[in-house]
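Colleague: Please find the sequence and the predicted model below.
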There are 2 protein chains.
Amino acid sequence: MQEGTFPSVSSPGVTAPADKAADHGDHSACRAVNDVLSRVGDKWSMRVVMNLDRGPMRFNELRRAIDSISQRMLTRTLRGLERDGLVSRTVTPSVPPRVDYALTPLGQSLREPVQALGDWAMANRAAVEDARTTFDAGCDE
Amino acid sequence: MQEGTFPSVSSPGVTAPADKAADHGDHSACRAVNDVLSRVGDKWSMRVVMNLDRGPMRFNELRRAIDSISQRMLTRTLRGLERDGLVSRTVTPSVPPRVDYALTPLGQSLREPVQALGDWAMANRAAVEDARTTFDAGCDE
DNA sequence: CCGCATCCCTGCCGATACTG
DNA sequence: CAGTATCGGCAGGGATGCGG
């Protein structure tokens, strides 16, 4: 079931006559992909997801865990993830307010392909940095 | 930036003991991961990579294939990919000048995990959009 | 055909300060 | 504790024009 093949946008025309069942409108599909990629490429989102993988966490707990993130960005990131249904927000109206964030099943399912990408990054970081050094040297000399 | 590192290849069904994962303080690894994620999340890079997967392409060929990309952005994107060793640039000094871009082995290896992410996006785009709609409605109501 | 340079506008992100 | 509001810097990226 992994045939894959991205919705490549090489369709020159525009409103192609829709008659294939396999095609769900590839521009919307393409947007969806780009959308997810943006989220993954987001500076903080995946950091949050990875932390949440260990279990639910409170706001400041998360804040301390990531540490370099600002309060503003943590809020924004969590809102974004919540909006996309990747994390859930649970409010406990106690005296000091308590809010727990947790990965939804959807969020957990996203973790896997992201992890794969993380593994790739780890495995090839040397190659990438080397390529950069070479490129920069050749460019500058 | 000294929190959890990615590497562990998923722990399926692990009921997290909720303890803090041992921190190796590997910030260079973390940076590398973030770095790759940024590239993937880049608006155009993966579009280019996916197109190049079919084989080498010339500049304007690529430009037409992606279509909505501006010349400036295509140049910048290609430079970035080239710098990271993901694509190769081959100049044929003819009249008119001919420049071919192609995926390097490294670039091709990146394509796989990215494809996985793309598949995830395709499989879950309905869920995500639904979540958004629900969120937006609940927020505004 | 390929690619760089410039202008400019937009949105992201950090720091700080303030409410419930 | 959790969250919002505001300001300022800066990078992303579109449009256009010039040069090899």
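Modeller: Right, received. Where do you want to start?
Colleague: all helices of chain A, in order?
Modeller: A:26-41, A:45-52, A:59-66, A:71-83, A:105-140 (DSSP state H).
Colleague: The second one near DNA strand D anywhere?
Modeller: The one in question is helix A:45-52. No - Helix A:45-52 is not in contact with DNA strand D by CB under 7 Å from any atom of the strand; minimum separation 11.9 Å. C-beta here means a position set from N, CA and C on the backbone, and glycine is covered the same way.
Colleague: In space, what's closest to the residue of chain A found nearest chain B - neighbours in sequence excluded?
Modeller: Distances between chain A and chain B by CB to the nearest CB are smallest at residue A:41, namely 0.9 Å. Counting by CB to CB, 6 or more residues apart in numbering or on different chains, residue A:41 lies nearest to residue B:41, which is 0.9 Å off, once chain neighbours are set aside.
Colleague: so the one you found makes contact with residue A:37?
Modeller: Yes - counting by CB atoms under 8 Å, residue B:41 touches residue A:37, with 5.4 Å between them.
Colleague: For chain A, which residues are neighbours of DNA strand C?
Modeller: Counting by CB under 7 Å from any atom of the strand, the residues of chain A lying close to DNA strand C are A:42, A:43, A:69, A:70, A:71, A:72, A:73, A:76, A:96, A:97.
Colleague: which stretches of chain A aren't confidently modelled?
Modeller: Filtered on pLDDT under 70, chain A yields the residue ranges A:1-25, A:139-141.
Colleague: At the geometric centre of it, which residue sits there?
Modeller: residue A:40 (2.2 Å; CA atoms, centre = their mean).
Colleague: got the contact list for residue A:83?
Modeller: Applying CB atoms under 8 Å, 6 or more residues apart in numbering or on different chains, we find residue A:83 in contact with B:131, B:132, B:135, B:136.
Colleague: any idea what sits nearest residue A:128, other than its immediate chain neighbours?
Modeller: When the adjacent residues along the chain are set aside, residue A:128 lies closest to residue B:84, with 5.1 Å between them (CB to CB, 6+ apart).
Colleague: From residue A:60, how far off is the one you found?
Modeller: With the distance defined as CB to CB, to the nearest Å, residue B:84 ends up 36 Å from residue A:60.
Colleague: neighbour count winner among those two?
Modeller: Set side by side, residue B:84 and residue A:60 show more neighbours around residue B:84, with 23 against 11, by other CB atoms under 10 Å in any protein chain shown.
Colleague: ok, the more buried one touching residue A:131?
Modeller: Yes - proximity of residue B:84 to residue A:131 meets the contact threshold set by CB under 8 Å, at 5.7 Å.
Colleague: residues from chain A in reach of DNA strand D?
Modeller: Counting by CB under 7 Å from any atom of the strand, chain A comes close to DNA strand D at A:58-61, A:63, A:71-72, A:75, A:78-79, A:89, A:91, A:96-99.
Colleague: Out of those residues, grab the one that's most surrounded.
Modeller: Among the residues of chain A next to DNA strand D, where neighbours are counted by other CB under 10 Å, the top count belongs to residue A:78, at 21 neighbours.
Colleague: Name the nearest residue to that one, ignoring sequence neighbours.
Modeller: Using CB to CB, 6+ apart and skipping the chain neighbours, the partner closest in space to residue A:78 is residue A:101 (6.0 Å).
Colleague: Give me the neighbour count for the one you found.
Modeller: Taking other CB under 10 Å as the definition, residue A:101 ends up with a neighbour count of 22.
Colleague: Ok, residue A:131 next?
Modeller: A total of 18 residues lie near residue A:131 under the criterion other CB under 10 Å.
Colleague: Without its sequence neighbours, what residue ends up closest to it?
Modeller: Excluding the flanking residues, the one nearest residue A:131 by CB to CB, 6+ apart is residue B:85, at 2.7 Å.
Colleague: For that neighbour, give its distance to residue B:107.
Modeller: Applying CB to CB, the value for residue B:85 to residue B:107 is 8 Å.
Colleague: now do residue A:74
Modeller: Plainly put, residue A:74 is 34 Å away from residue B:107 if you go by CB to CB.
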